[in-house]
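In: pasting the sequence and the predicted coordinates here, then a few questions.
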2 protein chains.
Amino acid sequence: MSKYVYSFGASGSEGKSSDKNLLGGKGANLAEMCKLHIPVPAGFSITTTCCVEYFKDGSKFPPGLKAEVEAAMVKVEKEMGMGFGDAANPLLVSCRSGARQSMPGMMDTVLNIGICAKTIPGLIAKTKNERFVYDSYRRLIMMYSDVVMEKAEGVEPKEGRGIRVQLEEIMHEMKQKKGCASDTDLKAEDLKALCEKFKERVRKALGKPFPDDAREQLWGGIAGVFKSWNGKRAISYRRIENIPDEWGTATNVQAMVFGNMGDTSATGVAFTRNPATGDSRFFGEWLVNAQGEDVVAGTRTPNPINDATKNDQNSSMLSLEKAMPAVYKQLAGIRDALEAHFHDMQDIEFTIQEGKLYMLQTRTGKRTGTAALNMAMDMLEEGLIDAKTAVMRVKPAQLDELLHPIVGKDAEKTGKVLVKGLPAGPGGACGAVVFTAAEACKQVAAGKQVILVREETNPEDVEGMRVASGILTARGGMTSHAALVARGWGKCCIVGAGAMHVNASKKELVVDGQKIKEGDLLTLNGSRGIVYVGQLTLVDATTNPRFQAFMQMADKFRTMGVRANADTAEDARRARQFGAEGIGLFRTEHMFYGKGSEEPLFLLRKMILSNTQAERVAVLKKLFHFTKSDIKAALAAMDGLPVTIRLLDPPLHEFVPKSLAKQKELALSLGITPREVQQRGELLHENNPMMGHRGVRLGVTYPEVTEMQLRAIFEAAAELLKSGKSCHPEIMIPVTCDVSELKHQRLLCEKVHAEVCASKGLESIPHSYGTMIEIPRAALLADRMAKEVSFFSFGTNDLTQMTFGFSRDDIGGFMPDYLKQKLLPADPFATIDQDGVGQLVKMSVEKGRSTHPGLKCGICGEQGGDPESVRFCFKTGLNYVSCSPFRVPIARLAAAQAAIQG
Amino acid sequence: MSKYVYSFGASGSEGKSSDKNLLGGKGANLAEMCKLHIPVPAGFSITTTCCVEYFKDGSKFPPGLKAEVEAAMVKVEKEMGMGFGDAANPLLVSCRSGARQSMPGMMDTVLNIGICAKTIPGLIAKTKNERFVYDSYRRLIMMYSDVVMEKAEGVEPKEGRGIRVQLEEIMHEMKQKKGCASDTDLKAEDLKALCEKFKERVRKALGKPFPDDAREQLWGGIAGVFKSWNGKRAISYRRIENIPDEWGTATNVQAMVFGNMGDTSATGVAFTRNPATGDSRFFGEWLVNAQGEDVVAGTRTPNPINDATKNDQNSSMLSLEKAMPAVYKQLAGIRDALEAHFHDMQDIEFTIQEGKLYMLQTRTGKRTGTAALNMAMDMLEEGLIDAKTAVMRVKPAQLDELLHPIVGKDAEKTGKVLVKGLPAGPGGACGAVVFTAAEACKQVAAGKQVILVREETNPEDVEGMRVASGILTARGGMTSHAALVARGWGKCCIVGAGAMHVNASKKELVVDGQKIKEGDLLTLNGSRGIVYVGQLTLVDATTNPRFQAFMQMADKFRTMGVRANADTAEDARRARQFGAEGIGLFRTEHMFYGKGSEEPLFLLRKMILSNTQAERVAVLKKLFHFTKSDIKAALAAMDGLPVTIRLLDPPLHEFVPKSLAKQKELALSLGITPREVQQRGELLHENNPMMGHRGVRLGVTYPEVTEMQLRAIFEAAAELLKSGKSCHPEIMIPVTCDVSELKHQRLLCEKVHAEVCASKGLESIPHSYGTMIEIPRAALLADRMAKEVSFFSFGTNDLTQMTFGFSRDDIGGFMPDYLKQKLLPADPFATIDQDGVGQLVKMSVEKGRSTHPGLKCGICGEQGGDPESVRFCFKTGLNYVSCSPFRVPIARLAAAQAAIQG
């Protein structure tokens, strides 16, 4: 029989830090802290395995659990010197969730379990604090009725008003009646009466009485925590973070300690270093006479933990360092011990009960990309970690925020400040104000950028927060759950902007009488906590020298090349700055998209609508010069690095002019009627252009088009070579499905190469000849294809389209359902589908190299910049990945980490 | 060193009948006849290997050939008792092509080689027939100047008028001048003068003199035959017949014998049985005092070989049987010997020189499908062949003509006869008259059916003949080249309709003053040789009991199942008649294509444009009844045989009404505005619908649609079962790409099955659950997919689209170039691409059966009826193929042959 219960406490632990899969992160680390002789209230963890069995068996506890829990409870009672349900000396316990991977605020907790008619007198006698006892009792009723009696038992709230909201209203009425400003102003008798009202409402609203038995409460709490694994918020969070549903959560049952037993009691949350900036000073918040949830829920603005890390918002508040110097010193010592032990920044929770410090949690802290990078470099310098570890410490995706814009310094000087708050997530963001998560999702789906503004951040908002460009709240501290979540995503976020009044129902916010309505633009500086009215310029943030140093360190471990997809000389230069080692995809189509002269587009249209080869050849002669200068500029910008030039793959019908004026102009130039231009255009219409007359198929039917481009490439290269520069064009044939196409185009290539060499007086022009692998058949025939080429470049965008039969433009109708119902684990256009598309890539590499050892293989689809896809490419033995310039550093880091992981 | 030359003659042969690859069909069989002591003029074959080397080396004869040819010539001279180039007793030879596989009339021949100034006097002295000598000489000049001096040496004819045409004109003028009706009326001195004129024109037109040396003529003739392998006609024919370019042709050099030495000389062509009907009597044509080409070229209407096989056209002409009874008897004996030796019908050529019979060729004769079938059954009965051989004797594609329509007997009674001709190709055909091959191709490409009408059939017309529904010529016999070709394709064809005058330049034909213009309709009865004016009803031809017996014999060898793709109960019944063992693809979309009530289409449109699930469910309830009755009828028609029902895969956007009236009707019914109908329709627009929201993707987003269909299937089956019938629906999920989709739909299937069982009071309804494999990813994940299903059905249409990235609708722009330039060996939508698509099919079967032994696998793409694809399916281990009802017998035969071949 499995062991389901693991005890921990001052007298020792059955678990340890490495037992996270079994005990969850919280339980494993509580056990580990006990081993380190850090003060932790005694308790026990019920395993994730137990949770899984609980669900497997239709929400029933597995046999044997009861006996194990009872035995573990005896140990807790012994260590704490109290009895659970004992009338004279009652022990209270908490039930908290704890999954393998932290899911902050996404599951439920029940505190103060064990308060009932039988234990209340003893508790009052023991604490000599009737107010505290009834305050604890009303908290128990609120939490328990919500988590266990309503949610876990699946009671549908009437008119959407859950029991928690109803109880809060009752409390609000009581406060008004008694003229109390704060909860703490309520007296013992008020709270006692409140508890009675609560129980009455619970019975009425939920149809059964609040349980008045400690053990009944305990088992309800355990079940409630288990069931919260399948709550709406938890499922939503797991979907975003790709956490498997099968993991389940552990439940930690732990002796209660109280931060709300008067002014020598307190509770707090801290990070061993600043999670937003990486600053290496101890950083945190605390509240006197409060329970932990008060800090975390963001309902009161908390005090700073020490003087050194105060900010604009809390500079006048008392720090723990000043208020309780001895406890602070002990806590700072624990901070050092934890960092030394875990070699990483920790996110801790503590409670001080009547001057005695208890640690309730430690875990590796979430951090922004900036913080991750700074901490990695600091800890490396401190000797806490080695270079490999430092490289592994930054998630590739986190670099994104370092590469993304911040509010320009000059813009800030002239910008109109609306309000200030806490700098909870770094970087800059600009967008239209929305007041609900649903509206945020809707606007973003419509292509807008939004700032989600909320009175206080709320775990139900997870999806809206994810899509928003920035998040702004009126309440909450740096450690409020939503701030944590935003930071985890590297999202620009400002919390606790107290001067702001949010009226979501009126869709407006007011600061000092100034109204901002839904749709108005705001700009956030998340690094400084400042909100500006209107749209401010955002600028590049990549000049950080530490970033450069970090990337150089990562490059030392990297073995796979990283190139960029770039269509212009300008892109090529930027890619080089970001560390690209070549261009993996240069699309000559770029010049037709009207950034410079309109002439290339006009010529392309003319070529497309030409009826005869003679007409086409005449136009191609003119187009040649544009193509050549475009290619020459890119080759020059990369100065000696390889540049993979894809031959034209224009979607012909898209280039047929729609406007009558353009049609007339073209007709005049072609010497035909506008009607004929239309007719020729109609002939080009295709039902499924993605699988139509494109890529090499054009090169076969119109070899003169291929020849023009080859001539442009070779002449550009020849001229650079003759001017003493170095260059290496790689000629890439798109959309191939058979080796015969490669032979066909290769003959043209050899012919033009010979002609240009002759005309330029060169013996040869260094180049290589290769193909995209983007059609499934090309992958299936890779052994034959490889014999004709020097390289394969996987066009995973098209390969994904054909392999799935998904037109990327048309997935809107079903992809949301596929992802929601988990029919697919991820959008295959964002992350390579390793099972299917990946199988083809792997097969191609293996088959290709079986007939052509040393065949160069790369990827140039958009997934080239996705960290998971980069790992896949490394494992598959690709020589390089190529992605958009902005994602080059991400790919470099992902490749380095893949190499370290082996 | 290779041996390039193989001698044959009365004294023995170096080659034999099985040496076809080396010596070509003609050479190998000449050698074989010699071994059988059948009289054959002595000669030798120059191998196909030599031809290949000739081209490899830039059209140069390989070293050593000259010596071998000289040595072989010595043998010929010895046997024939004459000397090549000898002035006193000159030997003349022919050079004829002969490839592995017969390519009738597609390559060139040069006769009478060896006539020159030096040999003419000796020839005249020996033959005592000056006229004959000059007639032979003018023939040599015509052939040689055309084949060797113009075509082989690549001289481009001026204004498209080749030397042959020019010489014919000169001869025509001479005949007019002399008042001669026929070539034979020209006297010796006329012919002598003609030869001088010919040589003069040759020198002028081709810039060099006609060679006056026997050996120069010989080597020119050999080269000319080799080069004709790469002539336009030959290449075109090889493309149609899939004959590899690499094979090359042999050249047969053989002593000339003359059928044109007077009235005791003759030449003829015969079949050992009737190639059009299979009738087992000796059948052929002959001409007195003529050379072989006169029969074959169709310039004179030939005599019947015997009285028993006379027809309407030649009933009054003298048969060989009557004219030369002894020779006929000898020939009939040879006929029997050849059939006994080769166990198959032979196509023979013979020449009678002054009463002495020589065989010039024997080969397996081409035949119509009807003839192939009749001969196979006859020879089986005669004990000439066994059942396996009989089954192998009919090409599956030939069955096509047996399954295709013939002119209805009643229609013929009332039809207006235009003209009669020879029944050269069986069956009926109806179409618009065209007068050129080019016009035939153009009209057919535009979707029309045409009858190609020509004065005489001509090898240059090959492509036009191929696309035409029927062929009609004014001249030529049953063995003219073009009639042979048409028959090889099982094409309806009438030749030698002498009463018809064709004026191609005026685009009209005239019979007794009645004009038929281009575009007018004609109907041909190719089995009887009758041409009718206008369009006559064509009827089914499958009632032949011999056909039934043949198919039953084939089925005894067949191991793979054959099913039909059928969308209606009517199709299902027809498929059963044709021997289908089930329905492999039943598409419920059929009912929306408006054959019956318009209501289903209206309801489908309504469903597609519904905005809410409630709207959809309401419509689905109505649609359910149509679906159910449709399915029930098909299940009933197949009575116990399996019926694979594909769930809906409608191309949504196609069903949005285009007409305003329909839009209004729909709007009214949906309670919305017509503008809204348009807008909802626009929302459904997809850029690449082939890869859009279709198949199971609809079943995922609209599970209620799947449920409706499942309910229809189960209720239909339940009701049939309860009425005592047997049925087995196989539910097939289309367009799947992941196992999750199969799980998703399976849950619905199980749910609906349970509901219907409960409501109908049945314990269970027999059915199976399977999937199309038509998306490459499904094939790649076949091991996982197989665990969820009972069967795979390969949708090779879509699989081909996705694997190649070819949209079937859009290949028109490039596929012709791909086929012409041989970038692809065949249209992959007609014949399975074994390299790519086939690789996926094979992989799927192997992977699928690795996790699900005994998984049933079939194919339901259109290639299921293509014989080569059927062979592939057999080799790959599929359980069945499914194709259109009309192709079921073809698939049955192809599967039987595949099983026999192993």
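Out: Right, received. Where do you want to start?
In: what's the burial count for residue A:825?
Out: Per other C-beta atoms under 10 Å in any protein chain shown, the neighbour tally for residue A:825 reads 17. In short, each C-beta sits where N, CA and C put it, glycine included.
In: can you tell me how far it sits from chain B?
Out: Residue A:825 sits 9 Å away from chain B, going by C-beta to the nearest C-beta, to the nearest Å.
In: leaving out chain neighbours, which residue sits closest to that residue?
Out: Nearest residue to residue A:825 in three dimensions, chain neighbours excluded: residue A:242, at 7.3 Å (C-beta to C-beta, 6 or more residues apart in numbering or on different chains).
In: cool, residue A:391 as well?
Out: The shortest distance from residue A:391 to any non-neighbouring residue, by C-beta to C-beta, 6+ apart, is to residue A:554 (4.9 Å).
In: same thing with residue A:628?
Out: residue A:712 (3.9 Å).
In: what strand or helix carries the one you found?
Out: helix A:703-722 (DSSP states H and E).
In: next, the buried residues of that helix.
Out: Neighbour counts over helix A:703-722 (16 or more other C-beta atoms under 10 Å in any protein chain shown) mark A:703-721 as buried.
In: and it, what does it pack against?
Out: Helices and strands touching helix A:703-722, by 3 or more C-beta pairs under 8 Å, 6 or more residues apart in numbering or on different chains; DSSP states H and E, are helix A:613-638, helix A:696-701, strand A:728-733, helix A:739-760.
In: go with 6 Å
Out: Packing partners of helix A:703-722 (3 or more C-beta pairs under 6 Å, 6 or more residues apart in numbering or on different chains; DSSP states H and E): helix A:613-638, helix A:739-760.
In: just name the most buried of the ones you listed.
Out: helix A:613-638 (a mean of 19; mean count of other C-beta atoms under 10 Å in any protein chain shown).
In: mind saving the C-alpha coords of the helix or strand that that one is followed by as CSV?
Out: Tracing the chain past helix A:613-638, the next element assigned as helix or strand by DSSP H and E is strand A:642-646. In CSV, the C-alpha atoms belonging to strand A:642-646 read as follows (Å, rounded to 0.1, in the frame of the first residue of the first chain):
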residue,chain,number,x,y,z
PRO,A,642,26.2,33.1,-45.3
VAL,A,643,22.9,34.5,-46.7
THR,A,644,20.3,32.0,-47.8
ILE,A,645,18.3,33.6,-50.6
ARG,A,646,15.0,32.0,-51.4
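In: residues in contact with strand A:642-646?
Out: For strand A:642-646, the surrounding residues in contact (C-beta atoms under 6 Å, 6 or more residues apart in numbering or on different chains) are A:582-587, A:634-635, A:713, A:728-730, A:732, A:734.
In: right, and the helix or strand after the helix or strand containing residue A:372?
Out: Using DSSP H and E, residue A:372 maps to helix A:369-382. Downstream of helix A:369-382, the first helix or strand assigned by DSSP H and E is helix A:387-392.
In: quick one: distance of the helix or strand following that next one to the chain centre.
Out: Using DSSP H and E, the helix or strand that follows helix A:387-392 towards the C-terminus is helix A:396-403. Helix A:396-403 sits 10 Å away from the centroid of its parent chain (C-alpha atoms, centre = their mean, to the nearest Å).
In: do the same with stretch A:194-203
Out: The mean C-alpha position of stretch A:194-203 is separated from the chain mean by 42 Å, C-alpha atoms, centre = their mean.
In: could you do stretch A:623-642 as well?
Out: 37 Å.
In: what does stretch A:450-470 give?
Out: Centroid displacement of stretch A:450-470 relative to its chain, using C-alpha atoms, centre = their mean, is 14 Å.
In: for that stretch, buried residues please.
Out: So stretch A:450-470, judged by 16+ other C-beta under 10 Å, has buried residues A:450-459, A:461-470.
In: ok, stretch A:871-878 next?
Out: Residues of stretch A:871-878 classed as buried: A:871-874, A:876, A:878 (neighbour count, 16+ other C-beta under 10 Å).
In: and if you look at stretch A:319-338?
Out: A:319-321, A:323-324, A:327-328, A:330-332, A:334-335, A:338.
In: output the residues you listed as CSV; include the columns distance to residue A:169 and secondary structure.
Out: Shown next, in CSV, are those (distance: C-beta to C-beta, whole Å; DSSP: H, G, I helix; E, B strand; the rest coil):
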residue, distance to residue A:169, secondary structure
A:319, 35, coil
A:320, 34, helix
A:321, 39, helix
A:323, 34, helix
A:324, 36, coil
A:327, 37, helix
A:328, 39, helix
A:330, 41, helix
A:331, 38, helix
A:332, 42, helix
A:334, 40, helix
A:335, 41, helix
A:338, 41, helix
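In: out of the helices and strands packed on helix A:703-722, flag the one nearest residue A:575.
Out: Closest approach to residue A:575 among the helices and strands packed on helix A:703-722 (C-beta to C-beta): helix A:613-638, 8.4 Å.
In: distance from that closest one to the middle of the chain?
Out: Worked out by C-alpha atoms, centre = their mean, helix A:613-638 lies 42 Å from the chain centre.
In: show me what that helix is packed up against.
Out: In terms of contacts (3+ C-beta pairs under 6 Å, 6+ apart), helix A:613-638 is packed against helix A:569-577, helix A:599-608, helix A:703-722.
In: ok, 7 Å please
Out: If you count contacts as 3 or more C-beta pairs under 7 Å, 6 or more residues apart in numbering or on different chains; DSSP states H and E, helix A:613-638 packs onto helix A:569-577, strand A:583-587, helix A:599-608, strand A:642-646, helix A:703-722.
In: before we move on, back to that, can you give me the neighbour number for the residue nearest to residue A:825?
Out: Residue A:242 has 11 nearby residues by other C-beta under 10 Å.
In: same check on residue A:702?
Out: Applying other C-beta under 10 Å, we find 22 residues neighbouring residue A:702.
In: does it really touch residue A:616, like I thought?
Out: Yes. Using C-beta atoms under 7 Å, residue A:702 is in contact with residue A:616, at 6.5 Å.
In: mind telling me what element residue A:523 is part of?
Out: strand A:521-525.
In: next one: that strand to chain centre, how far?
Out: Averaging C-alpha positions (C-alpha atoms, centre = their mean) puts strand A:521-525 21 Å from its chain's average.
In: that one pairs with which strands, parallel or anti?
Out: Applying DSSP bridges, strand A:521-525 is found paired with strand A:428-434 (antiparallel), strand A:530-533 (antiparallel).
In: thinking residue A:345 is in contact with residue A:368, fair?
Out: No. Between residue A:345 and residue A:368 there is no contact under C-beta under 7 Å: 11.6 Å.
In: more crowded one of these two?
Out: residue A:368 (31 against 25).
In: which ones are touching the more buried one?
Out: By C-beta atoms under 7 Å, 6 or more residues apart in numbering or on different chains, residue A:368 lies in contact with A:275-276, A:401, A:425-426, A:487, A:490.
In: repeat that for residue A:5.
Out: A:44, A:46, A:68-69, A:72.
In: show residues contacting stretch A:613-624.
Out: A:600, A:603-604, A:606-607, A:610, A:702, A:704-705, A:708, A:711-712.
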